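[1] just to be clear, the model below is a prediction. Sequence and coordinates:
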Amino acid sequence: MATTTTKTETFVGKRIRRREDPRLITGTATYVEDIQMPGMHYAVILRSPHAAARIRSIDTKKAETATGVACVFTGKDTKGVGVVPCGIAMPDLRVPQHNILATDRVYFVGHPVAVVVARDRYLARDAADLIEVDYEVLPAVADPEKALAKGAPPVHPQWPDNIAFTYHQDGGNVDKAFAEADVVAKQRIVSQRLVPMAMETRGVVAEWRGADRQLNLYTSTQIPHLVRTLVAGMLGLEENRMRVIAPEVGGGFGSKLNVYAEEALMGFVSMRIQKPVKWIESRRENFTCTIHGRGHVDYYEIAGKRDGTILGIKLKLIQDVGAYHQLLTPLIPQLSVLMMPGLYNTQNIRADIVGVFTNCVPTDAYRGAGRPEATHGIERMVDILAAELKLDPAEIRLKNFVAKDKFPYSTATGLMYDSGDYSTPLKKALDLVGYVKLRQEQADLRKQGKYMGIGISTYGEICAIGPSPATPAGGWESATVKIEPTGKVTILTLSLIHI
C-alpha cells in the first residue's frame, strides 16, 4: 500500500525578505507628497502665534481675493464638523471641545485658525499671510507644576483649575512597608517633553467624489482603520463611504498613531470645493502641531531593608497633558503606572497621577508610550537605593528580581507576567562585559580623578493589550482569510491600536 508524506513548511527561525525594501531603496515608494491628481488644490493652515488668546475678529477678505485662491475657511465655517476625538474613557475626565479650526479662542502656539486653499501651494502660503486676526493675548502657562499652583492662568476657563484628570492605584500594604523600612530613598525625576521628528512630516490628500458620495483620504498615518472610523464620524459620513489609504508613512513611532484635525479638515475642504486637496505639514508645524512625547514630573519614594530587599514604592506622577486630549493622551501615564514595579518582586505599590492642562501641544504616544518613562523611574530608584545602602547595583537587582519559580506572577499594579528568568540574562551580561574587572578599573580611575560610568538597566514590556472599556476607540484585532478562485489564499489582519 502506498503512503504519502506531507511536508510542513515553517517560517520560524528563517530569514524572510522584507517586501517593502525594494521600493524604498530604489526611490520608487509613494509618499503623500508624491500623490498628484487632476485639478488638485493645495491647503495652507494659518496658525496662532500665541499660546493663549481670545479671537476678537478674523478678516479674510484680502486672502479671498488673492491670486489663485479658491476659498478660505475659518472656525465658523466648520462648526458642523465633529470635534477631534479622545479615545480614552475614565471617571471625571475633563475633555475640552477641540474643533478642527479655532472658533472664539486659541490655547496653544500652532492652534489652527483658518485654512487657505489655492491652485498652487505658494499662492496659498502668500494668501495666508494676508489674513488679519485680532487677538486679545491672555496669560499662559507651559510648566505643569506651575499650572497646578493657585492662581495659575486657566487653560480652559470653564473649569476652576487646570487638572485634566486624576488616577489612583494602590496595591498591598504600602503604609506598613514604609513603616518597616530601614531606608527610604526619595527622588524627583523628570522625563522631559520632547518633539518627535519623523523624516517625513504629516500629509493629507482628500478626494471627494460627489457623484458616488465617496471620500478617499490619503494620510501618513499608523492607524488607517481608526482614521476611517473616527474621521467619517466627524464629517457625518457613513463609514462605508470613506476609504483611507496610508502610503509610506515616513517615520512615526507613535506620533502618527493619532487622528488629527487636519485629516478631517482636508476632507471637509474637498467636500466643499468638489476637488482634490493636499496639505503637507511644514517642519515648523511639525514642531508645534504634531503631538509631543513624555512630559512627566515624577516624585518617587522607595522603601528598603538593610540587606537590599525592596519593600515598597510610592509615586506621584504629574503629567503634562497639553492644551487638549489627542487620541490616547490620558492613557499614556497610566501605562507608566502599570509598569511601575519593573521586574522586581514588590507587592506594595501606591501611585497617583495628576493630568495637567498647559498651553502647549498635547502629549501622546511616542517611542514606548509611557513604558520607557516607567523604566527610567524604577531603574533610577533602584540605583539610588543601592547607593544609599552601599550595595552594588547588580547585586540589588539580582536580589529583587521576580524568581524563576514565581511565574506566572501577578504584579501589584494588576499585570500578569506569564513567564521569565530575569537573573540568568543579567548574570550572562555581567560575565560577558567582565563586570568585576570593570568595577575594579572604575575604582582605580577614580583614585586618579577620572570618572568612568557603568550603567545597568532592565526592562519588561507590556504586550498584547486587548479590548477594554477604557479604550472605546479600539484595542481589538480581526482577521479575514479569503480563498481566491485561482486557489491562492489571501490573509488580512487588522490591529486597530498598537502602542
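    Thanks, I have it. Numbers count the residues shown, from 1 in each chain.

[2] so what pairs up with F357 in the strands?
    Beta-bridge pairing for F357 (DSSP bridges): G322.

[3] distance of it relative to P144?
    Separation of F357 from P144 (Cβ to Cβ, to the nearest Å) stands at 9 Å. The C-beta positions use only the backbone N, C-alpha and C, and glycine is treated the same way.

[4] do T493 as well
    For T493, the distance to P144 - Cβ to Cβ - is 39 Å.

[5] the two - which one has more neighbours?
    Neighbour count, other Cβ atoms under 10 Å: between T493 and P144, P144 has more, with 24 against 9.

[6] next, the contact list for that one, please.
    Contact partners of P144, counting by Cβ atoms under 8 Å, 6 or more residues apart in numbering, are 295, 297, 318-321, 356, 358.

[7] okay if I get those residues as JSON lines plus pLDDT?
    JSON lines is the format used below for the contacts of P144 (pLDDT from 0 to 100):
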{"residue": "G295", "pLDDT": "97"}
{"residue": "V297", "pLDDT": "98"}
{"residue": "I318", "pLDDT": "98"}
{"residue": "Q319", "pLDDT": "98"}
{"residue": "D320", "pLDDT": "98"}
{"residue": "V321", "pLDDT": "98"}
{"residue": "V356", "pLDDT": "98"}
{"residue": "T358", "pLDDT": "98"}
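
[8] ok, so of those, who is nearest N216?
    Using Cβ to Cβ, V321 comes nearest to N216 of the contacts of P144, at 33.4 Å.

[9] ok, for A479, nearest residue in space, not its chain neighbours?
    Nearest residue to A479, sequence neighbours excluded (Cβ to Cβ, 6 or more residues apart in numbering): T493, at 4.9 Å.

[10] need the contacts of P144 in a markdown table (columns: distance to G414).
    Converted to a markdown table, those look like this (distance: Cβ to Cβ, whole Å):
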| residue | distance to G414 |
| --- | --- |
| G295 | 24 |
| V297 | 24 |
| I318 | 22 |
| Q319 | 19 |
| D320 | 25 |
| V321 | 23 |
| V356 | 24 |
| T358 | 29 |
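
[11] re earlier: name the element the residue nearest to A479 belongs to?
    strand 489-495 (DSSP states H and E).

[12] for that strand, name the packing helices and strands.
    Applying 3 or more Cβ pairs under 8 Å, 6 or more residues apart in numbering; DSSP states H and E, one finds that strand 489-495 makes contact with strand 477-483.

[13] just the angle between the strand it packs on and strand 489-495, please?
    Put simply, strand 477-483 runs at 170 degrees to strand 489-495, going by axes from the mean of the first three to the mean of the last three Cα atoms, to 10 degrees.

[14] strands paired with strand 477-483, and their directions?
    By DSSP bridges, strand 477-483 pairs with strand 489-495 (antiparallel).

[15] buried residues, the strand it pairs with. List them.
    Across strand 489-495, burial judged by 16 or more other Cβ atoms under 10 Å covers no residue at all.

[16] quick check: neighbours shared by F357 and P144?
    Among the neighbours of F357, those also in contact with P144 (Cβ under 8 Å, 6+ apart) are V321.

[17] quick check: the residue nearest to A479 touching V481?
    No: at 9.7 Å, T493 and V481 do not qualify as touching, with contact defined as Cβ atoms under 8 Å.

[18] contacting residues for S270?
    By Cβ under 8 Å, 6+ apart, the contact list for S270 reads 206-208, 215, 276-277.

[19] swap the cut-off to 10 Å and go again
    By Cβ atoms under 10 Å, 6 or more residues apart in numbering, the residues touching S270 are 40-41, 43, 117, 204-210, 215-217, 276-278.

[20] pull the contacting residues for A127.
    Residues near A127 by Cβ under 10 Å, 6+ apart: 44, 46, 60, 62-69, 72, 116-118.

[21] helix or strand for I378, which one?
    Using DSSP H and E, I378 maps to helix 371-389.

[22] show me what counts as buried in that helix.
    Under the neighbour-count criterion of 16+ other Cβ under 10 Å, helix 371-389 has 371-386, 389 buried.

[23] now it: average pLDDT?
    Helix 371-389 carries an average pLDDT of 97.

[24] next: stretch 412-427.
    On average, stretch 412-427 scores 94.

[25] buried subset of the contacts of A127?
    Among those, those buried by neighbour count (16+ other Cβ under 10 Å) are 44, 46, 60, 63, 66, 68-69, 72, 116-118.

[26] hmm, which two among the residues you listed are most spread apart?
    Using Cβ to Cβ, those span at most 16.4 Å, a distance reached by L46 and G68.

[27] would you confirm that V72 contacts I45?
    No: at 11.1 Å, V72 and I45 do not qualify as touching, with contact defined as Cβ atoms under 10 Å.

[28] mutual contacts of these two, please.
    Residues touching both V72 and I45 (Cβ under 10 Å, 6+ apart): 114-116, 124, 128.

[29] domain-wise, how is this structure divided?
    Residue ranges for each domain of the chain read 32-138+196-289, 146-194+292-448, as given by the TED database.

[30] give me the buried subset of the shared contacts of V72 and I45.
    Neighbour-count burial (16+ other Cβ under 10 Å) applied to those gives 114-116, 124, 128.

[31] what about the helices in the chain?
    Assigned by DSSP state H, the chain shows helices spanning 21-25, 61-64, 121-128, 144-148, 174-179, 224-235, 261-273, 283-289, 331-338, 371-389, 393-400, 423-433, 435-447.
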